[in-house]
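Student: below are the sequence and a predicted model; questions follow.
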Amino acid sequence: MNIRPLSGADLDAALPALARLRIEVFRAYPYLYAGSLAYEETYLRKFAQAKDAFIVAAETEDGEIVGCATGSGMDDQHAEFALPLSAAGYDLPTTFYFGESVLLPDWRGKGIGHAFFDAREAHAIAHSYKRACFCAVERPDDHPQRPETYSPLDSFWQSRGYRKLPGVTAHFTWPEAPGEPEVNHTMVYWLRQF
């Protein structure tokens, strides 16, 4: 397994694979996201141009991308994500935002998630950020599509030093089925001070 940052021509070449990966992983619970390749490639290309942007990928020995994670300066993010954190008293220019961490199921439990966090945290610290944060969708325990085997990632995030910010939420919309209207989703913040 090769964990490496992507930029320039490497990133451009990987965009279609990264877009497919995001759609496949986020289609599952708890996100239930019905995305399109065109939107995903545009999103990733824009994210890569954000302040202090960082994209790291996990590749198999034969070059297949099986996971990726992103991050950038929080003050260069959507207002939907930035404003609630600012309203809660956090300084956006010194906050690094983790956009997502996606990994195919067969590769989970092998330390790749930790490697993604290590790489993004090192990048943030090297760029003098004081803290890192991310948002996660919040679903009720009795959600009808929650699989019996579903295990939230809260304990993993806590083991990395992240804490859920009480009362700080964002709202973001996405479709849960192809061709369906977008649905409003509550996102909760997790944050770690460096």
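Tutor: Arrived safely.

Student: mind checking which helix or strand residue 158 is in?
Tutor: helix 154-159 (DSSP states H and E).

Student: next structured bit after that helix?
Tutor: That would be, after helix 154-159 and using DSSP H and E, strand 163-175.

Student: just give me how far that next one sits from the chain centre.
Tutor: The chain centroid and the centroid of strand 163-175 are separated by 13 Å, computed with Cα atoms, centre = their mean, to the nearest Å.

Student: repeat for stretch 61-77
Tutor: Using Cα atoms, centre = their mean, the offset of stretch 61-77 from its chain centre is 8 Å.

Student: endpoints of it, how far apart?
Tutor: 33 Å (Cα to Cα, to the nearest Å).

Student: so residue 157 sits against residue 190, correct?
Tutor: Yes. The criterion here is Cβ atoms under 8 Å, and residue 157 meets it with residue 190 at 5.4 Å. Where C-beta positions appear, they are placed from N, C-alpha and C, glycine not excepted.

Student: more neighbours: those two, which one.
Tutor: Between residue 157 and residue 190, counted using other Cβ atoms under 10 Å, residue 190 has the larger neighbour count: 21 against 18.

Student: correct me if wrong: the more buried one contacts residue 134.
Tutor: Yes. Here residue 190 reaches residue 134: they are 5.5 Å apart, a contact under Cβ under 8 Å.

Student: now do the shared contacts for these two.
Tutor: Shared contacts of residue 190 and residue 134, defined by Cβ atoms under 8 Å, 6 or more residues apart in numbering, comprise residue 162.

Student: ok, now which ones touch residue 45?
Tutor: residue 15.

Student: again, but for the one 10 residues further on
Tutor: Listed by Cβ under 8 Å, 6+ apart, the contact set of residue 55 reads 5-7, 11, 18, 44, 47-48, 68-70.
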